[in-house]
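Engineer: Okay, here's the prediction I keep looking at, along with the sequence it came from:
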Amino acid sequence: MSNFEVIIYEKKDDVGYVTLNRPQALNAYNLQMRDELYQVLGAIKDDPEVKVAIFRGAGERAFCAGADLTEFLTAPSPVIARQVRWERDVWGLFLSITKPLIAAVHGYVLGDGLEIALCCDIRLASEDAQFGLPEVGLGIIPAAGGTQTLPRVIGRTKALEILLTGRWITAKEAHRLKLVNQVVTRPDLLPIAETLANKIKGYNLTAVSYAKQAITRGLDMSLEQGLELEAKLGACLKGGEPHG
Ligand code: COA
C-alpha cells in the first residue's frame, strides 16, 4: 500500500487498485491528487506485477465531483488555474498505458471524474451514478481530454449535447449511450470489476496489450492504416517479440 494522501494505491494478485480518496470533498480532483495520480499511473505503466488496474472513488457519494473548485478561487482566474493544473501531462500518460484499465464508478462522476473514467477501457457504473461535464457553465472547457475522449466513446451528437448543455445523465442513460459497459448494484460494483480484472489478467498480457492498442490507436487511423497496425501487432505476437 502506498503513502499517498489523496489516493490509495494498492496491489493485490497482479491487480492495481487506485482509489481517489477525498470523500469529504466528494473526491474532487486537486493539485495534490494530480501529482499523486501522475506517480501512480507511472507505477501502473512500468510495474510488471500490475497486469490490470481498477479505478474507484472512496466514500458513499462520489467517484469524483470534478476539479477542486476551491483551488479555482485561489487562482487569478479559472483559466490560469487550469494551466497550472495541466503542467504535468497526466492525461497523456493515462492514455499511453497499454494495460487494461477498468473504471468502477458510483455517485457523482463529474468533470475530471468523467474524464478519468473515459481514460479507462471498461466502465462499470452503479445504479446511483450521475455523469456530467459542468465546465462550460464555469466558463472553461474540459482539459483532461474530455472533448476528445467523450465523442470517441459516445459519438459527436451526444457528446456535444452533454458538453454544451451541461446536462447530467443517469447510469441508465449512460448505459444506453454506451458510455458505460454495465450498470450494477452498488455492492456488486467492485466484485464485478474484480471478476473482469481476474479474467483478463489470466490471458497472455502481450496479446491483451496489443489488442487494446489495435483498437485504441487504430481508431485514430484510416481503415488501411489500422489494418496495417493490426497485421504488424499480430506478426510481433507470433514472433514472440516483447511489446514496448
Ligand atoms: N471542489 C471542491 N469541493 C467540492 C467539490 C468540488 N468540485 N464538489 C463538492 N465539494 C465539497 C463541497 O464543498 C462540500 O464540502 P463541505 O462539506 O466542506 O461544505 C462537500 O464536497 C459535499 O458537497 P455538497 O455540495 O455539500 O454536496 P451536495 O450533495 O449538496 O452537492 C454536488 C453535490 C456534486 C451537486 C455539488 O457538490 C457540486 O455541484 N459540486 C461541484 C461540481 C463541479 O462543478 N465540479 C467542477 C467540474 S469542472
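Structural biologist: That came through fine.
Engineer: helix or strand right after the worst-scoring helix or strand of the chain on mean pLDDT?
Structural biologist: Here the helix or strand of the chain ranked lowest by mean pLDDT, DSSP states H and E is helix 78-85, holding a mean of 64. Sequence-wise, the next helix or strand downstream of helix 78-85 (DSSP states H and E) is helix 90-96.
Engineer: Each with direction, which strands does the next helix or strand after that following helix pair with?
Structural biologist: Downstream of helix 90-96, the next assigned helix or strand under DSSP H and E is strand 101-105. Here strand 101-105 has these sheet partners by DSSP bridges: strand 52-57 (parallel), strand 122-126 (parallel).
Engineer: do you know which of those strands lies nearest residue 190?
Structural biologist: Ranking these by proximity to residue 190 (Cβ to Cβ) places strand 52-57 first, at 6.8 Å. For the C-beta atoms, the positions are set from N, CA and C on the backbone; glycine is no exception.
Engineer: Can you confirm whether that closest one lies near the ligand?
Structural biologist: No. Contact of strand 52-57 with the ligand (Cβ under 6 Å from any ligand atom) is absent, the minimum separation being 12.0 Å.
Engineer: Touching that strand from outside, list them.
Structural biologist: 14-20, 23, 27, 44, 63-64, 97, 99-107, 113, 116-117, 120, 189-190, 193-194, 197, 200-201 (Cβ atoms under 8 Å, 6 or more residues apart in numbering).
Engineer: Just the buried residues of those residues.
Structural biologist: Buried members of the contacts of strand 52-57, scored by 16 or more other Cβ atoms under 10 Å, are 14-20, 27, 44, 63-64, 97, 99-107, 113, 116-117, 120, 189-190, 193-194, 197, 200-201.
Engineer: Considering only those residues, which also neighbour the ligand?
Structural biologist: Near the ligand, taking Cβ under 6 Å from any ligand atom as the test, no member of those is found.
Engineer: Next step: the residues you listed restricted to strands.
Structural biologist: Judged by DSSP state E, strands contain the following of these: 15-20, 63-64, 101-105.
Engineer: Looking at the residues you listed, spot the one nearest residue 184.
Structural biologist: Nearest to residue 184 among those, with distances taken as Cβ to Cβ, is residue 104, at 8.8 Å.
Engineer: how far away is the closest one from the ligand?
Structural biologist: 19 Å (Cβ to the nearest ligand atom, to the nearest Å).
Engineer: What of residue 110?
Structural biologist: From residue 110 over to the ligand (counting by Cβ to the nearest ligand atom), the distance is 5 Å.
Engineer: So what does that residue look like in phi/psi?
Structural biologist: Main-chain torsions, residue 110, degrees, to the nearest 10: phi -120, psi 150.
Engineer: For it, list each beta-bridge partner.
Structural biologist: residue 65, residue 132.
Engineer: shift numbering so it begins at 388
Structural biologist: That works, and once the first residue is 388, the last one we named lands at residue 497.
Engineer: residues near it, how many?
Structural biologist: Using other Cβ atoms under 10 Å, the number of residues around residue 497 comes to 25.
Engineer: Understood, closing this out.
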